[in-house]
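> Need the 3D shape of this:
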Amino acid sequence: MNGPLLHFEDQGSESPALVFLHYFAGSLRSWIHVAGDLSSRSRCLRIDLPGFGRSAPLTAYSVHMVAQAVIQLIEGLRVGSYVLVGHSMGGKLALACAAADPPRLEGLVLVAPSPPSPEPMDERERSRLLATHGDRTSAEETLRTIARRAISANDAAVCIEDNLLTSPEAWHWWLAQGSREDITAQAGRVTCPVLVLGGSDDPVIPPHVIAAEVMPHLIDASRIEIAGAGHLLPLEAAQEVGAAIRSFVDGRCRRTGSGAPRP
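Okay, here's the model as predicted:
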């Protein structure tokens, strides 16, 4: 494979595959419950994005560069037909991947996605995060702030560990540049079916941001709001997220993948 070496975990075997991209300061481990449930019926490929988890950072960053690294990995693994599933930062990156019109992409699931427009992040929070990379107390504060439903002690420990594992390069890129990039023009070129999931109580990407900054830029999209959930949907609401992905794949992507016209 050309391009950067990305750490990934692969389970299951059925098509279309599900390719999971994680949130900022997370890793592929955030998808463990969702992928564990779906792997009985789908191949589940979970990726550590460059500079996160166990993947090395890039020498230079942009949304396009990270998206290309993901596409190169998918093509190098000869995944076949697949659906991209991106959470938060991973949602914006998944949109950028889809805008490149890669072969065999059948659909897109955006989970509490950072919008294609510059993310409306509170500037005091941005400054706090930029100043506290690698600080455990700050990582614990972030976890308390973004989740609304309870998560297990083990999941919380993984979130903290992943936060502290994030490379300085990836950390500063996303906060200072990546979250501010405007890819709305590229998002408007995505023609595959899209499902957007959000939490009703998400303090990071609240429902009004999804309504105003995500949905208007998508051509063929549906939306589901999960009641009482915050930003960490893959951990807070794993069963609901898994069920929504399964229904989307069965109801939309399997039809489009079999040659039926997209509605």
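> Surely Val19 is in a strand?
Yes: counting by DSSP: H, G, I helix; E, B strand; the rest coil, Val19 is part of a strand.
> Look at the closest residue to it other than its chain neighbours and say how many residues are nearby.
Leaving aside its sequence neighbours, Val19 sits nearest to Leu45 (CB to CB, 6 or more residues apart in numbering; 4.8 Å). Just so you know, the C-beta spots here come from the backbone N, C-alpha and C atoms, and that holds for glycine as well. Leu45 has 25 neighbouring residues, counting by other CB atoms under 10 Å.
> What helices and strands are in contact with whichever strand or helix holds Leu45?
Assigning secondary structure by DSSP states H and E places Leu45 in strand 44-47. Contacts defined by 3 or more CB pairs under 8 Å, 6 or more residues apart in numbering; DSSP states H and E place strand 44-47 against strand 8-11, strand 17-21, helix 32-38, helix 63-76.
> relative to helix 63-76, how tilted is the helix or strand encompassing Glu106?
Assigned by DSSP H and E, Glu106 falls within strand 105-111. Between strand 105-111 and helix 63-76, the angle comes out at 130 degrees (axes from the mean of the first three to the mean of the last three CA atoms, to 10 degrees).
> Relative to strand 105-111, what are the paired strands and their orientations?
Applying DSSP bridges, strand 105-111 is found paired with strand 82-87 (parallel), strand 194-199 (parallel).
> Which strands or helices does the very next helix or strand once past that strand pack on?
For strand 105-111, the following helix or strand on the C-terminal side (DSSP H and E) is helix 123-131. Here helix 123-131 touches helix 136-146, helix 168-176, going by 3+ CB pairs under 8 Å, 6+ apart.
> contact partners of the longest one?
Same thing as helix 136-146. 25, 128-129, 132, 156, 159-160, 163-164, 202-204, 230-232 (CB atoms under 8 Å, 6 or more residues apart in numbering).
> let's see it at 7 Å
Residues outside helix 136-146 that contact it (CB atoms under 7 Å, 6 or more residues apart in numbering) are Thr132, Ala156, Cys159, Ile160, Asn163, Leu164, Pro203, Val204, Gly230, His231, Leu232.
> what's the farthest-apart pair in the residues you listed?
Spatial extent of those (CB to CB) is set by the pair Leu164 and Pro203 at 21.8 Å.
> how about Ala147, what does it touch?
Contacts for Ala147 (CB under 7 Å, 6+ apart) come out as Gly230, His231, Leu232, Glu236.
> Name whatever forms a beta bridge with the residue nearest to Val19.
With DSSP bridges as the criterion, Leu45 is bridged to Asp10, Val19.
> dump the residue contacts of it.
Per CB under 7 Å, 6+ apart, neighbours of Leu45: Phe8, Asp10, Ala17, Val19, Phe20, Val79.
> Take those and lay them out in JSON lines including distance to Ala185 and neighbour count.
Formatted as JSON lines, those follow (distance: CB to CB, whole Å; neighbours: other CB atoms under 10 Å):
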{"residue": "Phe8", "distance to Ala185": "30", "neighbour count": "19"}
{"residue": "Asp10", "distance to Ala185": "33", "neighbour count": "16"}
{"residue": "Ala17", "distance to Ala185": "28", "neighbour count": "22"}
{"residue": "Val19", "distance to Ala185": "24", "neighbour count": "26"}
{"residue": "Phe20", "distance to Ala185": "26", "neighbour count": "28"}
{"residue": "Val79", "distance to Ala185": "27", "neighbour count": "20"}
